[in-house]
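Novice: only geometry, no sequence info:
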């Protein structure tokens with residue numbers, strides 16, 4: 001097998017070399033005679049001897065996969081791949097002086113020039129050049145495939161935050177399938193190294209467009225960037241400032257927001273066209289699009305081009321570790337943008353505002369699959385919330401939460417025995433970690449913290465998407481207020497969107513049921529993949545570059561250990577992914593006759609093409625002695641014939657930011673934060 005692979009590489013090298021000659025390619029060559037087959041064997045033996053010393057494990061592992069064949073150097077010069085590697089790195093505009101590969105490329109070219117001067121040098125010299133180019137290739141491949149985020153150290157930071165916040169802080173990563181060796185193998189089959197690298201790039205989350213923006217900003221930096229604005233007070237439409245306004249025009253022109261304005265660049269007037277440009281800029285930065293240049297807009301305008309480049313690079317590297325498989329029907333929820341986007345192929349079906357977790361209760365980032373919809377849900381109140389927020393009130397008044405529909409139960413089973421909170425000595429749980437052997441849940445109602453609809457995708461963080469009675473928070477630009485779950489502004493709209501692809505959802509029937517309090521579980525016939533991401537620089541569904549505030553300080557943590565320097569090859573292994581948490585079988589979970597067990601049984605039935613909703617247990621009437629408890633009566637849900645299938649919505653057109661109204665409140669919904 002080894003000899004066959006070597007022979008194949010020799011033939012390919014000769015053919016590719018001839019193609020390069022006929023194409024008129026120019027590269028490093030040192031002339032002179034030499035038998036390519038003999039050189040191939042001699043160089044291969046020398047390479048195996050050199051890398052077997054184990055000084056660079058990554059190099060040893062790489063050449064083992066390549067059968068120790070010389071890849072970059074031939075008897076009379078560089079191989080086509082050798083020239084292609086140097087050309088690809090030289091023309092990659094993202095490889096700037098701040099990236100270690102840049103200097104390594106210069107060093108390799110200098111070493112090559114010395115070989116040319118020596119007319120090829122000895123076999124030892126050529127093998128040294130071969131190994132130097134392999135190191136360069138491995139560094140560039142790791143730069144392209146894995147990026148510079150130190151996920152190991154970031155995981156340790158998440159573990160520390162988990163201990164500090166006393167909740168599971170999560171960010172799951174999904175390791176790229178490509179490796180330096182697999183890309184080279186693909187290139188050998190295809191004959192194009194650059195195309196093999198492009199094919200290994202993520203095809204999701206507008207990665208290619210975001211990379212184009214990185215190149216655009218790098219070019220701006222090379223031209224000097226934009227000027228720093230002087231200190232100034234709040235500027236409102238109609239204001240005038242010869243010192244500030246021209247600089248703002250220049251800044252917005254470079255950002256691409258100053259479209260169609262005819263006012264001279266040195267004009268001091270804050271005219272209507274400039275107001276529209278400011279609104280566009282504000283919306284792209286997650287600010288209120290009102291045209292008033294206050295503290296938030298000033299801070300965004302004063303972000304340097306270097307900071308913007310750093311932010312774009314960081315988020316490109318995050319995308320490299322997101323879930324790669326893209327389903328036609330999918331949900332993408334980005335935490336810093338407080339937005340949920342529902343896609344069908346390339347078409348945006350709907351976009352909905354979201355409230356995410358507070359900084360000390362961060363919403364986790366992970367991939368999952370939405371399987372169920374719960375109408376009129378119970379809220380099973382986490383023990384952490386009971387201890388941190390409810391216990392002090394229960395000590396003073398055991399019935400403090402009765403009026404809110406928060407009842408005490410013997411287990412998580414909704415039909416389990418109801419406990420009179422007045423019979424519990426709540427003070428015994430204060431100031432210690434003594435487990436509370438009871439379970440609070442809020443009964444279905446319009447005051448329920450989960451609202452009227454919950455969308456489930458079972459996970460180890462116990463988070464989900466749900467309705468909320470607190471609608472006012474959706475009108476804020478920064479919406480990090482929950483305990484980790486994702487509240488959405490328009491749950492009924494999401495339900496209707498899911499119904500477009502699930503004909504077992506009777507929309508009219510569900511709307512009628514929402515008027516009552518009877519709980520119902522709907523099993524999705526077509527499960528919907530969902531990605532919950534943390535991107536602070538991204539391309540929106542309309543093709544515009546957006547920046548967002550680092551609400552959880554993850555940018556700060558990841559940039560602290562960000563590898564702009566050479567990625568170490570001392571360890572031959574690829575970087576490891578951060579996996580999902582394992583669900584522990586605690587005493588609490590053992591007592592549950594939980595929805596998770598019901599869901600698992602339902603999922604098995606679905607696999608047999610029997611789509612049936614879990615049978616809901618009847619409410620228990622048992623109570624313990626104590627203060628009288630009013631019965632929760634649920635209105636019966638009238639049966640109704642299935643609603644006709646909703647029409648597939650027309651594709652959302654790319655909105656023009658020129659249509660932003662002067663008052664800032666009539667901005668098209670798709671661009672309003």
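Specialist: Noted; the coordinates are in hand. None of these values were measured; they are calculated from a predicted model.

Novice: mind giving me the domain split of this protein?
Specialist: Following automatic domain parsing, the chain resolves into domains at 2-145, 328-533+596-607.

Novice: which stretch in those domains is the model least sure about?
Specialist: When the domains of the chain are ranked by mean pLDDT, domain 2-145 comes last with a mean of 79.

Novice: from the chain's centre, how far out does it sit?
Specialist: Put simply, domain 2-145 sits 36 Å off its chain's centre (C-alpha atoms, centre = their mean, to the nearest Å).

Novice: kindly report the same for stretch 144-157.
Specialist: With C-alpha atoms, centre = their mean, you get 14 Å for stretch 144-157.

Novice: got it, and stretch 189-209?
Specialist: Put simply, stretch 189-209 sits 19 Å off its chain's centre (C-alpha atoms, centre = their mean).

Novice: now do the same end-to-end measure for that stretch.
Specialist: Terminal residues of stretch 189-209 lie 27 Å apart, using C-alpha to C-alpha, to the nearest Å.

Novice: strands of the stretch 201-350 of the chain, start to end?
Specialist: Remark: strands assigned in the stretch 201-350 of the chain by DSSP state E, counting those that start in this stretch are 329-334, 339-344, 347-357.

Novice: how about residues contacting the longest one?
Specialist: Residues outside strand 347-357 that contact it (C-beta atoms under 8 Å, 6 or more residues apart in numbering): 333, 335, 338-343, 363, 463, 468, 470, 473-474, 479-490, 493-494, 497, 500, 541, 551, 649, 651-652, 669-670. C-beta here means a position set from N, CA and C on the backbone, and glycine is covered the same way.

Novice: in strands, which of those fall?
Specialist: Among the contacts of strand 347-357, the members falling in strands (DSSP state E) are 333, 339, 340, 341, 342, 343, 480, 481, 482, 486, 487, 488.

Novice: residues in contact with the fourth one?
Specialist: Shown here is residue 341, whose contacts under the criterion C-beta under 8 Å, 6+ apart are 331, 332, 333, 348, 350, 351, 541.

Novice: can you rerun that using 10 Å?
Specialist: 330-334, 348-352, 531, 540-541, 670 (C-beta atoms under 10 Å, 6 or more residues apart in numbering).

Novice: residue 238 and residue 494, how far apart?
Specialist: As for residue 238, its distance to residue 494 is 41 Å (criterion: C-beta to C-beta, to the nearest Å).

Novice: just want to know which of those two has more residues nearby.
Specialist: residue 494 (24 against 11; other C-beta atoms under 10 Å).

Novice: that one against residue 340, yeah?
Specialist: Yes. Counting by C-beta atoms under 10 Å, residue 340 is a contact partner of residue 494 at 7.4 Å.

Novice: common neighbours of these two, please.
Specialist: When contacts are counted by C-beta under 10 Å, 6+ apart, the set common to residue 494 and residue 340 consists of 331, 350, 352, 455, 465, 488.

Novice: if we can go back for a sec, so which of the contacts of residue 341 wins on neighbours?
Specialist: The most crowded member of the contacts of residue 341, judged by other C-beta under 10 Å, is residue 331 (26 neighbours).

Novice: not counting sequence-adjacent ones, nearest residue to that residue?
Specialist: residue 530 (4.2 Å; C-beta to C-beta, 6 or more residues apart in numbering).

Novice: could you dump the strands of the stretch 201-350 of the chain into TSV and include distance to residue 107?
Specialist: Formatted as TSV, the strands of the stretch 201-350 of the chain follow (distance: least, C-beta to C-beta, whole Å):
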stretch	distance to residue 107
strand 329-334	40
strand 339-344	45
strand 347-357	46
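
Novice: among those strands, which is nearest residue 508?
Specialist: Closest to residue 508 of the strands of the stretch 201-350 of the chain is strand 347-357 (C-beta to C-beta; 18.8 Å).

Novice: starting at the chain centroid, how far to the helix or strand following the closest one?
Specialist: Beyond strand 347-357 in the direction of the C-terminus, DSSP states H and E gives the next helix or strand as strand 366-375. The chain centroid and the centroid of strand 366-375 are separated by 18 Å, computed with C-alpha atoms, centre = their mean.

Novice: please apply the same query to stretch 294-312.
Specialist: On C-alpha atoms, centre = their mean, the centre of stretch 294-312 falls 21 Å from that of its chain.

Novice: ends of it, what's the gap?
Specialist: Stretch 294-312: ends 25 Å apart by C-alpha to C-alpha.

Novice: what's the answer for stretch 543-551, then?
Specialist: Start-to-end, stretch 543-551 (C-alpha to C-alpha) is 23 Å.

Novice: report the distance from that stretch to the chain centre.
Specialist: Counting by C-alpha atoms, centre = their mean, stretch 543-551 comes out at 12 Å from the chain centroid.

Novice: let me see the contact set for the residue lying closest to residue 406 once chain neighbours are set aside.
Specialist: Closest residue to residue 406 apart from its sequence neighbours, by C-beta to C-beta, 6+ apart: residue 442 at 4.8 Å. Residue 442 makes contact with 377-381, 401, 404-407, 448-450, according to C-beta under 10 Å, 6+ apart.

Novice: now do residue 209
Specialist: 538, 539, 543, 544, 545.

Novice: how about residue 219?
Specialist: 93, 305.

Novice: helix/strand/coil for residue 153?
Specialist: helix (DSSP: H, G, I helix; E, B strand; the rest coil).

Novice: need the nearest residue in space to it, chain neighbours excluded.
Specialist: Residue 153 sits nearest to residue 561 (C-beta to C-beta, 6+ apart), 4.7 Å away.

Novice: right, I'll leave it there.
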